[in-house]
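Participant: just need the structure, nothing else, for what follows:
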Amino acid sequence: MSHDKMNQLIEALRGMTASGENGFEGLIAALLGKLLDEEFVVARSGSQPGGDARSVSGVVTMQAKRYQETTSFNLNEIEGEIHHCIRLNKELQCYVLATTRSLDEQADDRLTKISNETGLDIVVLDHRINELSDL
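Facilitator: Numbering: from 1, shown residues only. Have a look, this model is predicted:
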């Protein structure tokens with residue numbers, strides 16, 4: 001995909017409603033469901049201690065972050081969300097972080113460290129122009 005087309009796609013995603021089945025969360029949940037051939041349940045708006053969506057089997061949790069490129073990541077918040085999901089769901093095997101901006105090296109390193117410490121697979125679906133994300 002060309003750089004211009006990728007930017008158009010990212011801007012369209014950023015323009016979506018953030019939450020709910022018809023928003024960014026619902027789109028990512030639907031795409032993951034198709035990819036993994038498993039149904040995903042989108043959480044209600046508000047407090048979502050188990051992530052924005054989870055697979056029916058409970059082994060995958062997804063957190064969607066619809067950010068502008070200038071919005072900084074709150075790594076402490078994301079780390080807290082991951083640990084909270086682990087505490088709530090002993091079956092959890094994979095945490096998917098989907099975001100409309102690229103993760104910087106510091107965030108990438110921290111998520112790798114969390115993955116190594118917990119044994120949880122952490123997959124990042126982000127916006128990287130010059131390299132491929134996990135997607």
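Participant: where are the low-confidence patches of the protein?
Facilitator: 1-3, 46-49, 128-135 (pLDDT under 70).
Participant: I'd guessed residue 107 sits against residue 75; true?
Facilitator: Yes - look at residue 107 against residue 75 with C-beta atoms under 8 Å: they come within range, at 5.8 Å. To be clear about C-beta, it is placed using only N, CA and C from the backbone, and glycine gets the same treatment.
Participant: more neighbours, the two?
Facilitator: Set residue 107 next to residue 75 and count neighbours by other C-beta atoms under 10 Å: residue 107 wins out with 18 against 15.
Participant: so who does that one touch?
Facilitator: Counting by C-beta atoms under 8 Å, 6 or more residues apart in numbering, residue 107 touches 73, 75, 78.
Participant: just the buried residues of stretch 109-116, please?
Facilitator: Neighbour-count burial for stretch 109-116 flags 110, 111, 114, 115 (criterion: 16 or more other C-beta atoms under 10 Å).
Participant: list the residues that contact residue 50.
Facilitator: So residue 50 contacts 43, 61, 84, 85, 88, 89 (C-beta under 8 Å, 6+ apart).
Participant: can you tell me the SS state at it?
Facilitator: coil (DSSP: H, G, I helix; E, B strand; the rest coil).
Participant: what about it, distance to residue 58?
Facilitator: Distance of residue 50 to residue 58, given as C-beta to C-beta, to the nearest Å: 9 Å.
Participant: which neighbours do those two have in common?
Facilitator: Residues touching both residue 50 and residue 58 by C-beta under 8 Å, 6+ apart: residue 89.
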